[in-house]
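*Asks:* sequence plus predicted model, see below.
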Amino acid sequence: MSQPPPRTPEEKLAEAKEQLRLPRIVVICGSTRFMTEMTEADLRETGAGRIVLKPGFDMRSPHGLWSDPAEAAALRARLGALHRAKIRLADEVLVVGARIGDSTRAEITYARSLGKPVRFTHPEVDPDA
């Protein structure tokens, strides 16, 4: 008699979220130049009863945390890893904005590689459409 294969961490997470009866978790992706649109999407998604994850701030705006170029580069790397973790945690991805760049395109590819559904505020920018 064979044993069932061990469950993946992703399967365990999905089961835990279901047992906890958590609402769907949506992560917002897109260029931080669309922060205003991200805030609006956050409002709509939260109003629909979803837990929302999104970028926490815009590094294009001046701030002491990223005024040093070396520190800024290290922070960008940490934020990239953090956002990929948000994608792993989420049930779905919402891409915000009328244009997508290389980073957002990579996030879409990553999300789809994990089997996450991806929605767009502007479906015409879907690279797979």
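*Replies:* Perfect, thanks for sending it.

*Asks:* count of residues packed around residue 23?
*Replies:* When neighbours are defined as other C-beta atoms under 10 Å, residue 23 has 13 of them. Every residue, glycine included, has its C-beta placed from N, CA and C.

*Asks:* so what touches stretch 105-115?
*Replies:* 10, 29, 83-84, 87-88, 93, 95, 100, 118, 126-128 (C-beta atoms under 8 Å, 6 or more residues apart in numbering).

*Asks:* in helices, which of the residues you listed fall?
*Replies:* Among those, the members falling in helices are 10, 83, 84, 87, 88 (criterion: DSSP state H).

*Asks:* wouldn't the last one be in contact with residue 10 here?
*Replies:* It stands for residue 88. Yes - if you go by C-beta atoms under 8 Å, residue 88 and residue 10 touch, sitting 7.5 Å apart.

*Asks:* neighbour count for those two, which is higher?
*Replies:* The neighbour comparison of residue 88 against residue 10 (other C-beta under 10 Å) goes to residue 88, with 15 against 11.
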